[in-house]
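Chemist: Just the structure for this:
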Amino acid sequence: MPPAGAGKGPLKGVRVLDLTSVLMGPYTTQIFADLGADVIKVESPSGDTTRALPPGPEDDCGVMFMNINRGKRSLVLDLKQEAARDAVLRMAENADVFIHSMRAKAIARLGLSYEDLKARNPKIIYANLYGYGREGPYADYPAYDDIVQAASGIVDLQASLSGGEPTYLATVVADKVAGLTAAYAVMAALFERERSGRGQEIEVPMFETLASFSMVEHLCGALFDPPIGPTGYARALSPERKPYHTKDGYIGVMIYNDRHWSNFFDAIGNPEWSKNPIFASLRSRTENISTVLGHLSKVMAQRTTDEWMELFTKAQCPAMPVRSIDDLIDDPHLESVGFWHHCDTPDGHVRMPGVPVRFSETPGEAGRPGPRLGADSHDVLLEAGFTDDEIAALAVPPKGDQAR
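Modeler: Prediction:
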């Protein structure tokens, strides 16, 4: 049977064959599972490499793997074997989505290209997730999050905020942005199929996706050809754009529009410096952003974080104390909205972030933590119509009690 949580959500009844690994693809299919799809994670006998990332209760279930592969079922197949490849093609006949994160040449060598699957199921939605679009000169380059951050301009942009030294973001932004993009692309293709009956192939390259993401605000003057100004959004790149040091900590503040500034100046008594013309409009503040933010930085140091939070709350200016990941575990707002999903497993009690979006009629639900390697192999193949002899010939792990 599908794991706890599967089938509860707007994607109930959608079946996904998931040949992804590491983070980008598994994040996409985590979203599908959270929203009710039956996600069958097809793994090699050695398993997804993320299984081995510590910490974890066992070598094959690191906590990152457990979180990002929740609600899925694990099927072990050695796709280098013809019988295993044929098994995937057979299961694809009744699947809605096939998604992989291999380079184009690698998936083609396995005999699992879009054309191969389309021949068995013309309505299938086939999603390729990889580093670079297959029509460009980077097509065969290996890609991980750090590499795509470097290629996309984001690492160079970060240098403006770190004393000129290029730095990575402290999150795997390329993997997750590409994963989110793949999720909406597949869902759009499923919606289109409902209207036309047609399946199709989707390509989600990390590099192009993150380049598009970074260009939202940073293309700036280069939107025109020839450019009418430099690239780079001045406010985001100002060295003065940073959490402000208060008397006893740090605070994030976003005094942005004219109303915010008027309320802020009223709250602090409209000091003489507030009459400087550079504060008069959004345009003048943006043109002088480092001066504006630098002055604000000096003002923030004059009160405690709690004092500023009280003032900003009354002034209706966006502000929050700087919080750590540890703080979020017991955050009162997250607790009150039921953000955390708790469940008991043979390895102990676990908490995971729940489904962050709400549906009034078809709410999703986080499933069990990522399964042990091959824990669902027998059941998945049996459901797909394989006989016991066929299952035995595929040398999948025997049915057991490994499932969480």
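Chemist: Beyond the longest helix along the chain, next helix or strand please.
Modeler: In terms of residue count, the longest helix belonging to the chain (DSSP state H) is helix 173-196. As assigned by DSSP states H and E, the chain's next helix or strand after helix 173-196 is strand 200-205.
Chemist: what sits up against the longest helix of the chain?
Modeler: The contact list for helix 173-196 (C-beta atoms under 8 Å, 6 or more residues apart in numbering) reads 11, 14, 22-28, 31-32, 96-97, 99, 123, 125, 127, 129, 145, 148-149, 152, 154, 198-200, 202, 204-206, 209-210, 213. For every residue, glycine as well, the C-beta is placed using N, CA and C.
Chemist: Just the buried residues out of those residues, in ChimeraX syntax.
Modeler: The ChimeraX selection below is limited to those of the contacts of helix 173-196 classed as buried (16 or more other C-beta atoms under 10 Å):
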select :11,14,22,23,24,25,26,27,28,31,32,96,97,99,125,127,129,145,148,149,152,154,199,200,202,204,205,206,209,210,213
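Chemist: Which stretches in this structure count as strands?
Modeler: Assigned by DSSP state E, the chain shows strands spanning 15-19, 38-43, 72-76, 97-100, 125-130, 200-205, 244-245, 250-253, 319-321, 340-345, 348-353.
Chemist: Using CSV, write down the CA coordinates of the first one.
Modeler: It stands for strand 15-19. Only the C-alpha atoms of strand 15-19 are listed here, as CSV (Å, rounded to 0.1, in the frame of the first residue of the first chain):
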residue,chain,number,x,y,z
ARG,A,15,1.5,7.9,-10.4
VAL,A,16,5.1,9.1,-10.7
LEU,A,17,8.2,7.0,-11.7
ASP,A,18,11.0,8.9,-10.0
LEU,A,19,14.6,8.2,-11.3
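Chemist: where does the stretch 51-200 of the chain dip in pLDDT?
Modeler: Low-confidence regions of the stretch 51-200 of the chain, defined by pLDDT under 70, are absent; no residue qualifies.
Chemist: measure residue 345 to residue 166 for me?
Modeler: 41 Å (C-beta to C-beta, to the nearest Å).
Chemist: how far out from the middle of the chain is the longest helix of the chain?
Modeler: With C-alpha atoms, centre = their mean, to the nearest Å as the basis, helix 173-196 stands 12 Å off its chain's centre.
Chemist: just stretch 288-295 next, same as before
Modeler: Its chain's average C-alpha position is 33 Å from that of stretch 288-295, according to C-alpha atoms, centre = their mean.
Chemist: Which parts of it count as buried, going by neighbours?
Modeler: Applying 16+ other C-beta under 10 Å to stretch 288-295 flags 288-289, 292-293, 295 as buried.
Chemist: out of everything not next to it in sequence, what's closest to residue 299?
Modeler: Spatially, and ignoring its direct neighbours in sequence, residue 299 is nearest to residue 268 (7.3 Å; C-beta to C-beta, 6 or more residues apart in numbering).
Chemist: Can you verify my assumption that that neighbour contacts residue 302?
Modeler: No - Residue 268 lies out of contact with residue 302 (C-beta atoms under 8 Å); the separation is 9.1 Å.
Chemist: quick one: pLDDT of residue 370?
Modeler: At residue 370, the model reports a pLDDT of 95.
Chemist: can you pull the contacts of it?
Modeler: Contacts of residue 370 by C-beta under 8 Å, 6+ apart are 51, 61, 65-70, 72, 74, 404.
Chemist: Quickly note the distance from residue 126 to residue 395.
Modeler: Separation of residue 126 from residue 395 (C-beta to C-beta): 27 Å.
Chemist: Looking at the two, which is more packed in?
Modeler: residue 126 (27 against 14; other C-beta atoms under 10 Å).
Chemist: That one and residue 120 touch, don't they?
Modeler: No - when contacts are counted by C-beta under 8 Å, residue 126 is not listed as touching residue 120 (11.2 Å).
Chemist: Show me the common contact partners of the two, please.
Modeler: With C-beta under 8 Å, 6+ apart as the test, residue 126 and residue 120 reach no residue in common.
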